[in-house]
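> return a 3D structure for these sequence lines:
(chains A and B)
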Amino acid sequence: MSSTLITGARILGGEPTDLLLTHGVIAAVGSGLEATGAEVVDASGLIALPGLVDLHTHLREPGREDAETVESGTRAAALGGFTAVHAMANTDPVADTAGVVEQVWRLGREAGYADVFPVGAVTVGLAGEQLAELGAMADSAARVRVFSDDGKCVADPVLMRRALEYVKAFDGVIAQHAQEPRLTQDAQMNEGELSGRLGLRGWPAVAEEAIIARDVLLAQHVKSRLHVCHVSTAGSVEIVRWAKARAEQEGGWTVTAEACPHHLLLTDELAASYDPIYKVNPPLRTAADVVALREGLADGTIDIVATDHAPHPHEDKDCEWQAAAFGMLGLETALSIVQHTMVDTGLIDWAGVAERLSTAPARIGRLGDHGRPLAVGEPANVVLYDASATRVIEAGEMSSLSRNTPYAGMELPGRVVATFLRGKATVLDGKLA
Amino acid sequence: MKNHLLSAADLTRDDAELILATAGEMRALADRPIKKLPALRGRTVVNLFFEDSTRTRMSFEAAAKRLSADVINFSAKGSSLSKGESLKDTALTLEAMGADAVIVRHWASGAPHNLANAGWARSTVINAGDGTHEHPTQALLDAFTMTRHLGALDGRRIAIVGDVLHSRVARSNAILLQTLGAEVTLVSPPTLFPYGVETWGVQTSYDLDAVLPKSDVVMMLRVQRERMNDSYFPSAREYSRRYGLDARRMATLQDHTIVMHPGPMIRGMEITADVADSDRSVIVEQVTNGVAVRMAVLYLLLGGSEPALGAADHAQSATGAEPTTEENDA
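Predicted coordinates:
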């Protein structure tokens, strides 16, 4: 395998240095490195981060290859600086057996743009009635550790308890899509002043918070590992903060949480356009919620940023709000949104970004070879990022098969220049390598 | 005035008053032997209904025909479950046919916004009721009916009673009546108020009996019995007892107070038959006025700047507010 010499990169935003990537690992770090025969990548002015890890990606394959495939989705991931993505289970067929998760895992290996770690469904067919074969998925070639019915909530408290207990046998984690189903029947947008005016059925914050409150108590009771997907409300942040304090005191159980880039930036007022590009689940919330999420992410209450990348074909968004699908693209804009909302605002530094977009998600997903420090002997998963660049987002320029980005026309900071997966460039000069 | 009529909030006070004054002229036309004007000759108006509504469709059809427009009725019924023909494809079809105005009734809140703003078509869009959002021409015809009985609406107290949560009529009226200077009180059980109603600038009350004696207008909203299954209220009987308008409650109204209902009524639920058929009830007149108001809207959105009628007619009935003594004395 050939070598790559990255020169002048600022690791986690620090002083410029060189990195030599050889045989898939970081062979040397230091200034003035030389390596004959190595391809040289000039990274002057660029920030080097460990390859990003997304704990929450919808790749749509199998079943909705018109929206995204493992290949197109991992291309988008690479362009966004990701070297690993967790593929959510709500495919068709649902990823609720060893066979399906192994298929998705293999498709990821064949595509080669990012490592694909399938998420296993908690219940058969996401129906919320019977546990899927969690152990079989854990033991499969895909080595599933994250289980989620995402898109649907494991609403039955007994089933949720059993799932939390059962995955302890293989150090799994239940990633809950917290949405009380009865409180959100036909819900279309955040329940607030605006939903009342617009005549769109509300999705109240309490429907998320009530499930999170229940689940953290269940996790405490059975001493297991709970991960809360896409936290979207200020109240949820408060509950997670309380739970983490408890868990730290008591030990033996953990609660982790994620926030999505769109919830760090966009608010429910965008729904006033009735443009379903802004329709997402959980919905865009209020400006106060956005502030609470940013604070929670800064102080560690929310551990990670996860994209909830949710591609949809054009016709599912070019229609009436109520008829439209929930979800937004996220992979190719996540790092820019995090820079814009968290770094440029002074809430976190680049080491904080690496922790929240790489180290912590890899830890939650129990990935040994991702989210590692950029140090000698570590896997050569690296992203080079130009934080001083700006770009205007064009939906048509997305690498995803879908176009449903809510940021079209917005000017965002930052640009992923290069991504390396085990030393091999997946992205160079901002383009797929 | 804007190009489209999607929400009552699109109308400034001047816009609304112009529509009401023009409707007054159109209303006068109804008493003439020939009820037709050439104003929209050669223009095509499409009634695009994704939801059943015989009354509203007929009202718009009559309005367009009296202005000599060509009318095409397009019924593309569908529910949110079985979407039927997509709104976009329908819009493209209408655009290809050269529709000048599209009057749209849709089960989805915001569908007229999509039709007007998604770039599918260039026609003028008139919202004829979208989901649980708005029904601006209903509010205009209600305001028109009120002004004919009460004159200007400044400071008038208007009670809107019933299922505000699911009512597009209530939303449009709350906006328009405030634009026209009225004081609006919404009366409903707490379960049927929308979240955030306190920001609408209206008064709210759970107590119908306290509101009735102070009101100049009482507008009853339809309450579907199905709401019972969703536990918005315990039973139809309890709803009627607490929020229905019956003869006993009608007796507490001031002499000049009128009773309205956008229809279709559920007699015995929100309104008793004796109230609906009483002298205070202007429910049938609302229907007549609906045609005049929709003529005015179509004329002003499509017809342009010239007066609809001759100058003499214009001077004669420019205000649209002509309280008739019989009705006031009822």
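> any idea how the chain splits into domains?
With no chain named, the answer covers chain A. Annotated domains of chain A cover A:3-47+A:378-432, A:50-364 [automatic domain parsing].
> not quite, I wanted chain B
If you go by automatic domain parsing, chain B breaks into B:8-134+B:287-314, B:136-284.
> need these in JSON lines (columns: mean pLDDT).
Shown next, in JSON lines, are those (pLDDT from 0 to 100):
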{"stretch": "domain B:8-134+B:287-314", "mean pLDDT": "88"}
{"stretch": "domain B:136-284", "mean pLDDT": "96"}
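> run a quick neighbour tally on the closest residue to chain A within the stretch 201-330 of chain B.
In the stretch 201-330 of chain B, the residue that lies nearest chain A is residue B:230 (9.0 Å; CB to the nearest CB). No exception for glycine: its C-beta is placed from N, CA and C like everyone else's. Close neighbours of residue B:230, defined as other CB atoms under 10 Å in any protein chain shown, add up to 10.
> that one and residue A:61, how far apart?
When distance is defined by CB to CB, to the nearest Å, residue B:230 is 38 Å away from residue A:61.
> now the strands for chain B?
According to DSSP state E, chain B carries its strands in the segments B:44-49, B:70-75, B:101-106, B:124-130, B:157-161, B:183-187, B:203-205, B:217-220, B:258-260.
> nearest to residue A:314, out of these?
Residue A:314 lies closest to strand B:101-106 among the strands of chain B, at 20.6 Å (CB to CB).
> any bit of the closest one sitting next to chain A?
Yes: under the criterion of CB under 8 Å from any CB of the partner chain, strand B:101-106 makes contact with chain A via residue B:106.
> from the chain's centroid, how far away is that strand?
14 Å (CA atoms, centre = their mean, to the nearest Å).
> just give the nearest non-adjacent residue to the residue of the stretch 201-350 of chain A found nearest chain B, would you?
With CB to the nearest CB as the measure, residue A:274 is the residue of the stretch 201-350 of chain A nearest to chain B, at 3.2 Å. Ranked by CB to CB, 6 or more residues apart in numbering or on different chains and with sequence neighbours excluded, the top spatial neighbour of residue A:274 is residue B:110, at 3.2 Å.
> check residue A:257 too.
residue A:228 (4.2 Å).
> quick one: contacts for that neighbour?
A:175, A:176, A:178, A:212, A:215, A:236, A:240, A:255, A:256, A:257, A:258 (CB atoms under 8 Å, 6 or more residues apart in numbering or on different chains).
> that one pairs with what?
Beta bridges link residue A:228 to residue A:176, residue A:257 when assigned by DSSP bridges.
> which pLDDT value goes with it?
We have a pLDDT of 98 for residue A:228.
> quick one: average confidence on stretch A:17-36?
Taken as a whole, stretch A:17-36 carries a mean pLDDT of 95.
> and residue B:322, what pLDDT?
Turning to residue B:322, the model gives it a pLDDT of 38.
> how about residue A:282?
So residue A:282 comes in at 98 (pLDDT).
> that one touches residue A:211, doesn't it?
No: using CB atoms under 8 Å, residue A:282 is not in contact with residue A:211, being 10.9 Å away.
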